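S.K.: Show me the folded form of this:
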Amino acid sequence: MSELAGHNAVLQGFIDKWLAAQPQQRVALAFVDGGRHPGHVALAALEQELLSAAYGIREAQVAAAKLGWWAEELAGATASGGRHPLTQVLFDDERGHAIATELWLAPVLAAMAQLEQGTAADYAAQLQAATPLHGALAALETAWWYGAEASPERAARLAVLNHLLHALLRLDADAERDRLPLPMARLARHGLDRAQLRRPGAARQQAIKAQLKDLLGDWRAADALHGPLSVFRALESRHARALAHRASGAADALATLQAGQSDTPWPTAWRAWQAARAWRRQAR
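M.R.: Numbers count the residues shown, from 1 in each chain. This is a model prediction of the structure:
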């Protein structure tokens, strides 16, 4: 019994890390019960683990080692059932075995390939650079929630946009990193250097709002794309899009982004209910 309790505590620790990054998903869990759908929650937590390794570890060699461990783990999970608590939950479900190994490995390999990427030349290049990793995560997630025949096109684009917005709200903290949240063309247009990214100013404000304008334009365009969304992906994107819209009209766009990331505004429950209703209809 104590061993089981310890395992569950470790598993909950990974879920809590995901919820810390996306607090609004606590509301979604009212509609995606972890008791009935443990793999849905475990997959979200696994995605957070991979993203934390890809973006949260500053030393590329350390990140590569962690991702290499995940590659080995996921490559052998079909046969072994996995060693990691998240993997064990996922491969205790028949969905884990139904999904091709290549689909499980694709996000890890994409994360490893982009570890030493520098700042993108322009906004289009940012989208292109983020697509392999976030598109692979969206493809895996879509297959888990809806089956191999479902299109991940819309989920992939929204995953990229969500990532670029999250990167933007860390602008001042990541000003010394090789890969900046604003592309080189935008920095040049507004005459920004790394030191200026760390402090408020008119040029930084204009550059952030220009980035938000491009992101919001692509969010509108994504409405026309095909494919279902997981409840978690839909809620994340609706939250991010609303936050981007609010920040685009704010006196201090970056402060608004940073303050709003951890908010759970009153429409969250409504958005989660809508996302869950769409999931149930599509999954029938």
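S.K.: Kindly state the pLDDT recorded for Phe14?
M.R.: Note on Phe14: pLDDT of 95.
S.K.: Which helix or strand contains the closest residue in space to it that isn't next to it in sequence?
M.R.: Closest residue in space to Phe14, ignoring its immediate chain neighbours: Ala45 at 4.5 Å, by CB to CB, 6 or more residues apart in numbering. Every C-beta, even on glycine, is put in place using the N, C-alpha and C of the backbone. If you go by DSSP states H and E, Ala45 is part of helix 38-51.
S.K.: Which residues does stretch 39-55 contact?
M.R.: 11, 14-15, 17-18, 21-22, 25, 29, 32, 34, 63, 66-67, 70, 86-87, 89-90, 92-93, 95-96, 107-108, 111, 114-115, 133, 137, 140-141, 144-145, 163, 167, 230-232 (CB atoms under 8 Å, 6 or more residues apart in numbering).
S.K.: Please list only the buried members of the residues you listed.
M.R.: For the contacts of stretch 39-55, a burial check counting by 16 or more other CB atoms under 10 Å picks out 11, 14-15, 18, 21-22, 25, 29, 32, 63, 66-67, 70, 86-87, 89-90, 93, 95-96, 107-108, 111, 115, 133, 137, 140-141, 144-145, 163, 167, 230-232.
S.K.: Can you list the buried residues in the helix or strand of the chain with the lowest mean pLDDT?
M.R.: Of all helical and strand segments in the chain, the minimum by mean pLDDT, DSSP states H and E falls on helix 2-21, at a mean of 77. Buried residues in helix 2-21, counted by 16+ other CB under 10 Å: 11, 14-15, 18-19, 21.
S.K.: Same question for stretch 171-186.
M.R.: 171, 174-175, 179-183, 186.
S.K.: quick one on the thing from earlier: how far does the helix holding Ala45 sit from its chain's centre?
M.R.: 10 Å (CA atoms, centre = their mean, to the nearest Å).
S.K.: any idea which helix or strand carries Ala121?
M.R.: Ala121 belongs to no helix or strand, assigned by DSSP H and E.
S.K.: residues touching it, list them.
M.R.: 183-185.
S.K.: Report pLDDT for it.
M.R.: So, for Ala121, pLDDT stands at 97.
S.K.: So it versus Leu182, what's the distance?
M.R.: Separation of Ala121 from Leu182 (CB to CB, to the nearest Å): 12 Å.
S.K.: With Arg280 instead?
M.R.: On the measure of CB to CB, Arg280 and Leu182 end up 39 Å apart.
S.K.: Equivalent analysis for Ile57, please.
M.R.: 22 Å.
S.K.: Might one say that Thr142 is in contact with Pro228?
M.R.: Yes - with contact defined as CB atoms under 8 Å, Thr142 reaches Pro228; the gap is 6.8 Å.
S.K.: wait, doesn't Ala30 sit right on Ala272?
M.R.: Yes - counting by CB under 8 Å, Ala30 touches Ala272, with 7.0 Å between them.
S.K.: Tell me which of those two has more neighbours.
M.R.: Legend: neighbour count by other CB atoms under 10 Å for Ala30 and Ala272, higher for Ala272 (25 against 11).
S.K.: Helix 38-51 and the helix or strand harbouring that one, what's the angle between them?
M.R.: Assigned by DSSP H and E, Ala272 belongs to helix 267-283. Orientation of helix 267-283 against helix 38-51 (axes from the mean of the first three to the mean of the last three CA atoms, to 10 degrees) gives an angle of 110 degrees.
S.K.: From start to finish, how long is stretch 31-43 in a straight line?
M.R.: Length of stretch 31-43, first residue to last, CA to CA, to the nearest Å: 16 Å.
S.K.: Enumerate the positions of that stretch that are buried.
M.R.: Of all the residues in stretch 31-43, those buried under the rule 16+ other CB under 10 Å are 31-32, 37-43.
S.K.: re earlier: distance to Leu192 added to the buried residues of helix 2-21, as CSV?
M.R.: Listed next are the buried residues of helix 2-21 as CSV, based on distance: CB to CB, whole Å:
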residue, distance to Leu192
Leu11, 43
Phe14, 37
Ile15, 38
Trp18, 33
Leu19, 34
Ala21, 27
